[in-house]
Structure formats: C-alpha cells, structure tokens
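S.K.: The sequence isn't on hand, but the structure is:
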Ligand SMILES: *Cc1c(COP(=O)(O)O)cnc(C)c1O
C-alpha cells in the first residue's frame with residue numbers, strides 16, 4: 001500500500017487531465033511549420049470556434065489566462081479611455097489593475113464578494129459615464145464562485161455602438177452557456193487549465209467584428225502580444241512566434257473529447273457536478289458564498305465560525321490527498337472552493353465531500369457524518385448518472 005493517499009486535484013484550475021490527453025501530448029514533437037502540424041492547428045482552430053460558439057477566429061497564445069486578459073486591454077484600448085469594470089472578486093480586480101497599467105481610466109462597480117452584478121448597476125454606470133467605451137467583466141468569478149449575467153450585460157453594453165463588452169471567460173467558456181456571436185460578446189478569453197481538460201500554458205482570445213475594428217484605433221505599445229499579427233498569421237496556420245506545440249496536440253485531443261461528448265452535455269456536466277456539491281453543503285448545514293448566482297466552475301462553501309479554513313484545506317490535502325482551493329484575500333480562511341472542471345465526475349465530488357466531513361470532525365467541528373455524502377448519492381441516484 002502506498003504510504004500517501006491517492007493524489008486528487010479538485011481546484012478550479014489547474015484541473016485533472018485525462019490519460020487520453022496526457023498521451024496525446026507525449027508523442028513525437030513536431031515542428032510548428034511542418035506539414036504534419038498544420039492540419040492539427042487548423043483542426044484545433046475549428047474546434048475552438050465551436051466551443052466559443054463563434055464564426056470568428058479564436059487566437060491561440062502561449063501564456064496563462066492572464067496573458068489573454070492583458071492582450072485584450074493592450075489591443076482594444078486607447079490611453080485615457082474610460083472603462084467600466086465589474087469588481088466582485090480577485091479577477092475583477094485584475095481587470096481594473098490591467099486597465100490602470102495601460103493608462104485606461106476605470107469606473108469600478110464594486111460588487112459584494114459572493115454576489116453577481118445587477119444589470120441595472122451596469123446600465124446606471126453607462127448612463128452616468130456616457131463616454132465609457134468598455135465593460136470588463138468575468139463570466140465566472142472564480143475567486144467567489146459567482147456567475148455574472150453575461151447575456152444581459154452584453155445587451156446593455158451594445159445599446160451604444162461605440163461600446164465593447166470584454167468577457168473573462170477563463171473559467172466560463174466550456175462551463176456556462178456563453179454563445180459569443182448570439183449574445184454579442186465583443187471579446188472573450190479563456191485558459192487551458194480550466195474547462196479544457198489541459199495543463200496550464202495556453203490561452204485563447206476571440207474578437208467580434210466591432211472589436212477587431214478597435215485594433216486600429218488602439219494606441220498601446222504591443223509586440224509579442226500584438227493581436228493584429230496573430231489574427232493574420234494564425235489564419236494561415238502560421239502563428240507569429242513558436243506556438244506551444246505539445247499543448248496544442250493535447251488541445252486537439254481535448255477538443256475531440258469535448259465534441260464527442262457534445263457541448264451541451266459538457267455544460268450540463270459542470271452544472272450537475274456543482275449541484276451535487278451545493279446540495280451536500282446545505283445538507284451539512286454549511287452556507288454557500290454565491291447562493292444567488294452560483295458558477296458551475298467551482299462551488300465556494302462558507303466555513304463555520306471557529307473553523308480555520310487554512311487548516312481545513314491542509315488537513316484535506318495532507319491527510320486525505322485532495323487538493324482544493326481556499327479563499328483569497330478577504331475570504332482567506334473563510335471559504336473552501338471545490339472545482340467541477342477537468343477529469344472529474346460525481347464520485348470525485350462524493351470523495352471531496354467525504355473528506356470535508358472527516359476533516360471538519362478532525363478539527364473538532366461537529367458534523368453529522370454521512371449527511372453530505374448521502375445527499376450526493378441521492379442526487380446522483382435521481383439523476384441516474386455518475387455526475
Ligand atoms: C484562473 C482564472 C484567471 C487566471 O488565469 P491564469 O491562467 O492564472 O493567468 C483569470 N480569470 C478567471 C475567471 C480565472 O478562473
């Protein structure tokens with residue numbers, strides 16, 4: 001018997017990667033200008049378009065998700081422009097910081113951590129700042145486990161033809177329904193270590209036609225992250241710089257898996273895993289941070305008073321082998337986040353809840369042992385699936 005428990009990765013990124021994809025990445029390393037690689041690159045571009053639900057090009061970058069966020073700001077804005085930023089967690093703060101780094105003035109809508117932005121608050125912000133040109137927002141604010149109402153926000157932003165909505169879909173694309181073209185999303189970004197079943201290292205960015213026009217108006221310095229070069233180059237399967245070939249081979253396999261399952265089923269899978277964990281938390285008498293508008297990427301469970309979240313996270317990891325995420329900044333020690341993305345199913349959620357129950361008992365918090373796991377099983381039975 002191994003002396004350490006089995007390693008399980010249940011964070012909202014990076015996520016567990018299926019064997020099939022790990023194998024696809026371990027093959028012969030192709031040259032990126034070789035005739036063998038070009039069809040792979042083109043297949044991946046087509047597959048990405050289907051997941052973004054867009055006819056537009058999805059550009060592939062060798063960076064973490066934040067690189068694609070930076071690329072959006074660096075390529076769409078002009079110094080001195082005004083942006084409305086939804087700031088309801090760590091990643092909302094990141095949009096504001098990026099804008100400030102590029103000399104874009106910001107008006108932040110500060111949303112209580114754990115709540116979704118009210119569309120009316122965005123409408124009011126645009127009304128008070130008619131010169132604002134952008135709305136920056138997360139689809140899924142991973143730090144709080146909240147989903148923001150993107151469809152409504154896109155409609156409000158597009159009431160004026162001069163405004164762009166830029167969506168951080170890093171834990172949103174492939175998790176929530178976010179049809180880029182149908183909803184009129186102008187720019188959407190994502191990152192490989194979230195719903196894409198891949199290791200970290202790739203980021204994706206797509207622009208609407210209106211957003212592409214903004215590339216010419218932009219006066220920001222850009223070199224490696226010059227989206228004009230990538231849009232043109234990648235259309236001819238010729239990225240401006242060496243792409244992350246191995247990860248792109250993994251992406252080919254990942255997209256095949258995603259399309260075999262079907263996008264609707266992929267989205268439903270995340271939703272039902274989230275439902276299992278929310279049900280279990282409630283059955284254990286634990287609150288949810290984002291009860292009103294929960295993300296399907298991860299569930300943020302509020303920890304009871306007197307339970308040290310950092311100790312809990314450490315106990316779950318060291319004693320039971322499961323890596324989950326705690327809270328960041330003002331939520332540090334107060335919440336536990338269980339991820340629903342990657343190679344996980346209902347039995348993984350069951351294990352996560354079992355470990356949570358045991359660790360709470362270990363830390364001296366009274367728990368009705370089995371109340372949470374029983375709920376997971378009951379919900380799985382009702383759904384008649386291992387999800
Ligand atoms: C993970 C995540 C990021 C950060 O991505 P990196 O790959 O760490 O740069 C940004 N936004 C959201 C919503 C995320 O979930």
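M.R.: Done, it's in. These figures come from a predicted structure and were not determined experimentally.
S.K.: Could I get the buried residue list for the helix ranked longest in the chain?
M.R.: Of all the segments of type helix in the chain, defined by DSSP state H, the longest one is helix 263-283. For helix 263-283, the neighbour count (16 or more other Cβ atoms under 10 Å) marks 266-283 as buried. From N, CA and C alone the C-beta is placed, and that goes for glycine too.
S.K.: just stretch 308-315 next, same as before
M.R.: Those buried within stretch 308-315 under the rule 16+ other Cβ under 10 Å are 309, 312, 313, 315.
S.K.: got it, and stretch 125-134?
M.R.: Along stretch 125-134, these residues count as buried under the neighbour rule (16+ other Cβ under 10 Å): 125, 126, 132, 133, 134.
S.K.: out of these, who's nearest the ligand?
M.R.: Closest approach between the buried residues of stretch 125-134 and the ligand, by Cβ to the nearest ligand atom: residue 134, at 16.8 Å.
S.K.: surely the closest one meets residue 78?
M.R.: No: when contacts are counted by Cβ atoms under 8 Å, residue 134 is not listed as touching residue 78 (10.5 Å).
S.K.: overlap in contacts of the two?
M.R.: Taking Cβ atoms under 8 Å, 6 or more residues apart in numbering as the contact criterion, the residues that touch both residue 134 and residue 78 are residue 104.
S.K.: The stretch 1-150 of the chain: strands as residue ranges?
M.R.: Counting by DSSP state E, counting those that start in this stretch, the stretch 1-150 of the chain forms strands over residues 8-9, 58-62, 82-87, 105-110, 134-138, 140-141, 146-147, given from the N-terminal end onward.
S.K.: Near the ligand, which residues of the protein are found?
M.R.: Taking Cβ under 6 Å from any ligand atom as the contact definition, the chain meets the ligand at 13, 64-66, 91, 138, 140, 142, 168, 170-171, 191, 194, 200.
S.K.: Which of those fall within helices?
M.R.: Checking the residues of the chain next to the ligand against DSSP H, those in helices are 65, 66, 91.
S.K.: Of these, which is the most crowded?
M.R.: Sorting those by how many neighbours each has (other Cβ atoms under 10 Å) puts residue 65 first, at 27 neighbours.
S.K.: tally of neighbours for residue 298?
M.R.: A count of nearby residues for residue 298, using other Cβ under 10 Å, gives 32.
S.K.: beta partners of it?
M.R.: Beta bridges link residue 298 to residue 339 when assigned by DSSP bridges.
S.K.: hang on, isn't it packed against residue 325?
M.R.: Yes: Residue 298 is in contact with residue 325 according to Cβ under 8 Å; the separation is 7.2 Å.
S.K.: Pull up the overlap in contacts between those two.
M.R.: Going by Cβ under 8 Å, 6+ apart, residues that sit against residue 298 and also against residue 325 are 11, 12, 337, 339.
S.K.: For the second one, give me its contacts.
M.R.: The contact partners of residue 12, taken as Cβ under 8 Å, 6+ apart, are 142, 171, 194, 297, 298, 325, 337, 339, 340, 341.
S.K.: Now the most centrally placed residue in the chain: closest residue in space, sequence neighbours ignored.
M.R.: For the chain, the residue sitting closest to the mean C-alpha position, by Cα atoms, centre = their mean, is residue 171 at 0.8 Å. In space, residue 171 comes closest to residue 297 once its chain neighbours are excluded; the distance is 3.9 Å by Cβ to Cβ, 6 or more residues apart in numbering.
S.K.: And the one you found, how far from residue 57?
M.R.: According to Cβ to Cβ, to the nearest Å, residue 297 stands 25 Å off from residue 57.
S.K.: So which of the two has more stuff around it?
M.R.: For residue 297 and residue 57, the more surrounded residue by other Cβ under 10 Å is residue 297, and the numbers stand at 30 against 19.
S.K.: tell me the contacts of the more buried one?
M.R.: The contact partners of residue 297, taken as Cβ under 8 Å, 6+ apart, are 12, 140, 142, 145, 171-172, 175-176, 194-195, 270, 274, 339-341.
S.K.: ok, it to residue 205 distance?
M.R.: Residue 297 sits at a distance of 19 Å from residue 205 (criterion: Cβ to Cβ).
S.K.: contact partners of the strand or helix carrying residue 231?
M.R.: Using DSSP states H and E, residue 231 sits in helix 227-235. When contacts are taken as Cβ under 8 Å, 6+ apart, the neighbours of helix 227-235 outside the stretch itself are 41, 45, 57, 59-61, 71, 75, 205, 207, 212, 215, 239-240.
S.K.: Return the members of the residues you listed classed as buried.
M.R.: Among these, those buried by neighbour count (16+ other Cβ under 10 Å) are 41, 45, 57, 59, 60, 61, 71, 75, 205, 207, 212, 239.
S.K.: Surely the fifth one is in contact with residue 44?
M.R.: Yes: the pair residue 60 and residue 44 passes the contact test of Cβ under 8 Å, sitting 7.1 Å apart.
S.K.: where does this structure have low pLDDT?
M.R.: Low-confidence segments of the chain, defined by pLDDT under 70, span residues 1-2.
S.K.: Would you state the helices of it in chain order?
M.R.: For the chain, helices defined by DSSP H occupy the ranges 19-25, 37-52, 65-76, 90-101, 119-128, 150-157, 180-183, 209-217, 227-235, 245-261, 263-283, 309-320, 346-362, 371-383.
S.K.: Pick the most deeply packed of these.
M.R.: helix 65-76 (a mean of 24; mean count of other Cβ atoms under 10 Å).
S.K.: give the contact list for residue 137.
M.R.: Contacts were defined as Cβ under 8 Å, 6+ apart; by that measure residue 137 touches 85, 86, 92, 95, 117, 148, 150, 153, 165, 166, 167, 168.
S.K.: Burial check on the last one, number of neighbours?
M.R.: Residue 168 sits with 30 neighbouring residues when counted by other Cβ under 10 Å.
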